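1. Output the structure for:
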Amino acid sequence: MPSKPYKRKEQYILRQLAGQFAFGAALGAAFALVLLFKNMFGLHGMIENSVAPRTLEAWFVVGVSVHLGLGAAVTAFLMLAADDE
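-> From the prediction side, this is the model:
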């Protein structure tokens, strides 16, 4: 349960979802950076041969971060919904 009292249950749920999204996004960014800098699957080499490699690298990191953040937030939502029942 919450560490401090909340006025409404919705406030608690939104805080939990935001925290889980941030945690998932941070892990996603770390994962994407490892993929790029270790040149796994030849990803970094393929991006370096593109027209705008720095922009593409940034979009790759943002995309992976958002997807993992959304996955973490949806999972947290489902777990919070299961706790209510």
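
2. okay, CA-based contacts and neighbour counts for the rest of this
-> Noted.

3. what's the spacing between the helix or strand where S65 lies and its chain's center?
-> S65 is part of helix 53-84, with elements assigned from DSSP states H and E. How far helix 53-84 lies from its chain's middle: 3 Å, per Cα atoms, centre = their mean, to the nearest Å.

4. Quick one: mean pLDDT over the helix or strand containing Y12.
-> Y12 is part of helix 9-37 when elements are defined by DSSP H and E. Summarised as a single mean, pLDDT over helix 9-37 is 93.

5. Mind listing what's buried along that helix?
-> 13, 16-29, 32-33, 35-36 (16 or more other Cα atoms under 10 Å).

6. Next one, pLDDT for S3 please.
-> 58.

7. pretty sure L70 is touching G24, no?
-> Yes. Counting by Cα atoms under 8 Å, L70 touches G24, with 7.4 Å between them.

8. That'll do, ta.
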